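K.L.:
build me a structure from this.
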Amino acid sequence: IMLYTFRYTFVADHYQYLACIGPIALASAGLMTLSRSSKSAQWPMVASGFAILAFLSLLTWRQSATYRDAETLWRTTIAKNPDCWMAYNNLGVVRFEKGNIDDAIEKYEQSLRLHPDYPEAHYNLGSALLQKGDADEAIWQCEEALKIQPNEPDAHIVLGNAFMAKLDVDRAIAQYVQALHIRPDDSNAHYNLGTALKQKGDAERAAQEYEKALELERNRQP
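P.N.:
Got it, this is the predicted structure:
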């Protein structure tokens, strides 16, 4: 089965670890053999080993700063690869979650400039535009996402939210139902469907959806 990362690149530095075992073992065995054959070489070998260990520790410490948090990771990725459309989208998600909607929109738009057929950036942009009150553009972005990836539940949910903002409750319900058909355990879709059903006056079904959403959230807690 193809790993998720291989959908986008066949380069991933952490896959080097297993490949490095052989050369490292061979070099270590060679150094040990050399040190045993000459007592005068033992101390230089030990000193060299500690020096290499210190150098590698320094490199690890520097690299680990990249992973301090998600925003640092994606900003570092963009600094090293300005054409990384996925990093712009993911940074947009981080900025959106922090309440920086305008900056998130800018990041999503840059992601789409680099990769126009990226469905996640389309519906994320739609969600951000909806927060800004632009329901029509949000609908367009979600519809574009669904043209590319019809079975994307998040796009259906955001599209449903946009229809709710326009008071088009029936179309919103249809989108939430479609999202749940694809991903039945989505608590957010159940909750939003409950809200739409409540607005339609179907209190009984709304209560069922709210209960299902609450049950799923409880099961998700550790």
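K.L.:
so which strand or helix has the residue positioned nearest the centre of the chain?
P.N.:
Among the residues of the chain, the one closest to the centroid is Asn90, at 5.7 Å (Cα atoms, centre = their mean). For Asn90, the host element (DSSP states H and E) is helix 85-97.
K.L.:
how about the contacts made by the residue nearest to the centre of the chain?
P.N.:
Ala70, Trp74 (Cβ atoms under 8 Å, 6 or more residues apart in numbering). In this view, the C-beta of every residue, glycine as well, is placed from N, C-alpha and C.
K.L.:
grab the nearest non-local neighbour of Tyr88.
P.N.:
Ser111 (3.9 Å; Cβ to Cβ, 6 or more residues apart in numbering).
K.L.:
follow-up on the earlier one: buried residues in the helix holding Asn90?
P.N.:
Under the neighbour-count criterion of 16 or more other Cβ atoms under 10 Å, helix 85-97 has Trp85, Met86, Ala87, Tyr88, Asn89, Asn90, Leu91, Gly92, Val93, Val94, Arg95, Phe96 buried.
K.L.:
after that helix, which helix or strand is next?
P.N.:
helix 101-114.
K.L.:
relative to helix 85-97, how tilted is that next one?
P.N.:
170 degrees (axes from the mean of the first three to the mean of the last three Cα atoms, to 10 degrees).
K.L.:
mind listing what's buried in helix 101-114?
P.N.:
For helix 101-114, by 16+ other Cβ under 10 Å, it's Ile101, Asp103, Ala104, Ile105, Glu106, Lys107, Tyr108, Gln110, Ser111, Leu112, Leu114.
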